[in-house]
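Q: Here is a sequence together with a model predicted from it:
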Amino acid sequence: MYGGYDGEVMPFLLLALLVLPVCAQEPAPAPAPAPVQAAPVMLSTVRTIYILPLTSGFDQYLANHLTRTGAYEVVVDPALADAVITGQLGESFEQKLKELYPPPAEAEKKDEEGSDAADQRDYANFQRGSGFSRGRGNVFLVDPRARRVLWSTWLPPKSGMAKDLDKAAQSVVKRLTSDVKNPSN
């Protein structure tokens with residue numbers, strides 16, 4: 001009596017009923033890769049600079065002298081910049097960096113929400129800084145992705161007149177290029 005359908009097929013069917021549910025389970029998802037952060041920029045490797053607005057149009061004079069030296073390219077798209085020039089640090093600058101260089105999770109969230117809602121929220125949260133009056137003459141070169149100051153100087157123009165702004169910008173660029181060549185100074 002053993003053998004036949006019950007003896008040969010039944011154990012195979014029981015085994016199949018036990019194994020199939022285990023095999024049918026989806027494999028565990030692979031762990032998400034850790035976010036890759038760009039290597040910090042070194043002062044000597046900076047080639048492209050985005051300049052945030054400075055009071056009295058000082059940013060325009062800096063852009064002129066930076067490009068005239070040929071050592072740097074001033075870009076109008078912050079995503080293309082190795083570094084950012086600003087006249088002050090603090091909450092308003094940090095907020096501006098978040099706006100220009102959002103962390104990956106915030107960038108995805110912004111895309112999902114729609115640009116109008118995100119723009120309104122960003123405008124409501126943005127705090128205006130006090131500008132040149134608080135840090136008159138300060139110039140900071142910042143790595144926007146690593147959020148660290150690469151270089152800074154303090155050189156206030158004698159006045160808000162064009163010739164004084166131009167002379168101050170020329171001196172700032174000379175200091176920057178000199179400090180890149182001789183980092184010990």
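A: All right, it came through fine. Numbers count the residues shown, from 1 in each chain.

Q: Quick check: next helix or strand after the least confident helix or strand in the chain by mean pLDDT?
A: Taking mean pLDDT, DSSP states H and E as the measure, the chain has helix 132-135 as its least confident helix or strand, at a mean of 48. Going down the chain from helix 132-135, the next helix or strand is strand 138-143, by DSSP states H and E.

Q: Neighbouring strands - and their directions - for that following strand?
A: Applying DSSP bridges to the sheet, strand 138-143 is found paired with strand 83-86 (antiparallel), strand 148-154 (antiparallel).

Q: mean confidence for it?
A: For strand 138-143, the mean per-residue pLDDT is 95.

Q: And for stretch 160-172?
A: Averaged over stretch 160-172, pLDDT sits at 94.

Q: same deal with stretch 42-59?
A: For stretch 42-59, mean pLDDT rounds to 93.

Q: Going by neighbour count, list what's buried in it.
A: 46, 49, 50, 51, 52, 54, 55, 56, 58, 59 (16 or more other CB atoms under 10 Å). All C-beta atoms are positioned from the backbone trio N, CA, C, and that covers glycine.

Q: List the contacts of the longest helix along the chain.
A: The longest helix of the chain (DSSP state H) is helix 162-181. Contacts to helix 162-181, defined as CB atoms under 8 Å, 6 or more residues apart in numbering, come from residues 43-44, 46, 56-58, 61-62, 64-66, 69, 71, 137, 139, 141, 151, 153, 155-158, 185.

Q: Using PDB, write out the CA atom coordinates for it.
A: Extracted in PDB, the C-alpha atoms of helix 162-181 (Å, rounded to 0.1, in the frame of the first residue of the first chain):
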ATOM      1  CA  ALA A 162      33.400 104.300  -6.700                       C
ATOM      2  CA  LYS A 163      37.200 104.900  -6.700                       C
ATOM      3  CA  ASP A 164      37.500 103.800  -3.000                       C
ATOM      4  CA  LEU A 165      35.300 100.700  -3.600                       C
ATOM      5  CA  ASP A 166      37.400  99.800  -6.600                       C
ATOM      6  CA  LYS A 167      40.700 100.300  -4.800                       C
ATOM      7  CA  ALA A 168      39.400  98.200  -1.800                       C
ATOM      8  CA  ALA A 169      38.300  95.400  -4.100                       C
ATOM      9  CA  GLN A 170      41.600  95.400  -5.900                       C
ATOM     10  CA  SER A 171      43.400  95.100  -2.500                       C
ATOM     11  CA  VAL A 172      41.100  92.200  -1.400                       C
ATOM     12  CA  VAL A 173      41.800  90.300  -4.600                       C
ATOM     13  CA  LYS A 174      45.600  90.900  -4.200                       C
ATOM     14  CA  ARG A 175      45.500  89.600  -0.600                       C
ATOM     15  CA  LEU A 176      43.500  86.500  -1.700                       C
ATOM     16  CA  THR A 177      45.800  85.600  -4.600                       C
ATOM     17  CA  SER A 178      48.900  86.300  -2.400                       C
ATOM     18  CA  ASP A 179      47.500  84.100   0.400                       C
ATOM     19  CA  VAL A 180      46.800  81.300  -2.100                       C
ATOM     20  CA  LYS A 181      50.400  81.400  -3.300                       C
END
